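Model the structure of this input:
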Amino acid sequence: MDKVVVAKKFEQFAEFWRPRIVGELNGQQVKLVKMKGDFEWHHHDVEDELFFVMKGQMIMKLRDRDVVVNPGEFLIVPRGVEHKPCAPEETHVMLFEPASTVNTGNVRSERTVEVLERL
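Model (predicted):
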């Protein structure tokens, strides 16, 4: 059992939109992801997702509105809700979600990461 220094973990990778696992608890995974630009529209049929912004700014596009999430803030996207994460600049986000969650949800594309690297 060791503490996790989140800033140090973010220093270990540079790629955008490729989440890394940094912890697990009760069937949930704690993931880190760097975002920049637009992701793609998708939803998750059975998983809720929590996005906690550590650095930068995330804009979560929903079909009826945009939600701006700043450092120190988080947003929970309930299962079944179509969403599109966007980041105007490099943004660091911590995710809390079930281990079964695939980053692109119901969509498969070149951005889909089936097996996540552990840091």
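
Leaving aside the residues adjacent along the chain, what's closest to the residue nearest the centre of the chain?
Nearest to the mean C-alpha position of the chain, by C-alpha atoms, centre = their mean, lies residue 95 at 4.7 Å. Excluding the flanking residues, the one nearest residue 95 by C-beta to C-beta, 6 or more residues apart in numbering is residue 31, at 4.2 Å. The C-beta positions use only the backbone N, C-alpha and C, and glycine is treated the same way.

Report the contact partners of the residue nearest to the centre of the chain.
19, 29-33, 49-52 (C-beta atoms under 8 Å, 6 or more residues apart in numbering).

Beta-bridge partners for it, please?
With DSSP bridges as the criterion, residue 95 is bridged to residue 31, residue 51.

and the gap between it and residue 74?
Residue 95 sits 10 Å away from residue 74, going by C-beta to C-beta, to the nearest Å.

Report the contact partners of the residue nearest to residue 95.
Contact analysis of residue 31 by C-beta under 8 Å, 6+ apart lists 19-22, 94-97, 116.

Highest neighbour count among those residues?
Highest neighbour count within the contacts of residue 31, by other C-beta atoms under 10 Å: residue 19, with 23 neighbours.

Wait, a strand at residue 21?
Yes. Under DSSP: H, G, I helix; E, B strand; the rest coil, residue 21 sits within a strand.

How about residue 60: which residues does it bridge to?
When assigned by DSSP bridges, residue 60 has beta-bridge partners residue 67, residue 85.

returning to what we had before: what's the spacing between the residue nearest to residue 95 and residue 65?
From residue 31 to residue 65 the distance is 25 Å (C-beta to C-beta).

Okay, now the unreliable bits of this protein?
For the chain, no stretch is flagged by pLDDT under 70.

where exactly do the strands run in the protein?
For the chain, strands defined by DSSP state E occupy the ranges 20-25, 28-38, 49-55, 58-62, 66-69, 74-77, 83-98, 117-118.

Run the angle between the longest one and strand 20-25 for me.
In this case it means strand 83-98. 40 degrees (axes from the mean of the first three to the mean of the last three C-alpha atoms, to 10 degrees).

Report the distance from strand 83-98 to the chain centre.
4 Å (C-alpha atoms, centre = their mean, to the nearest Å).
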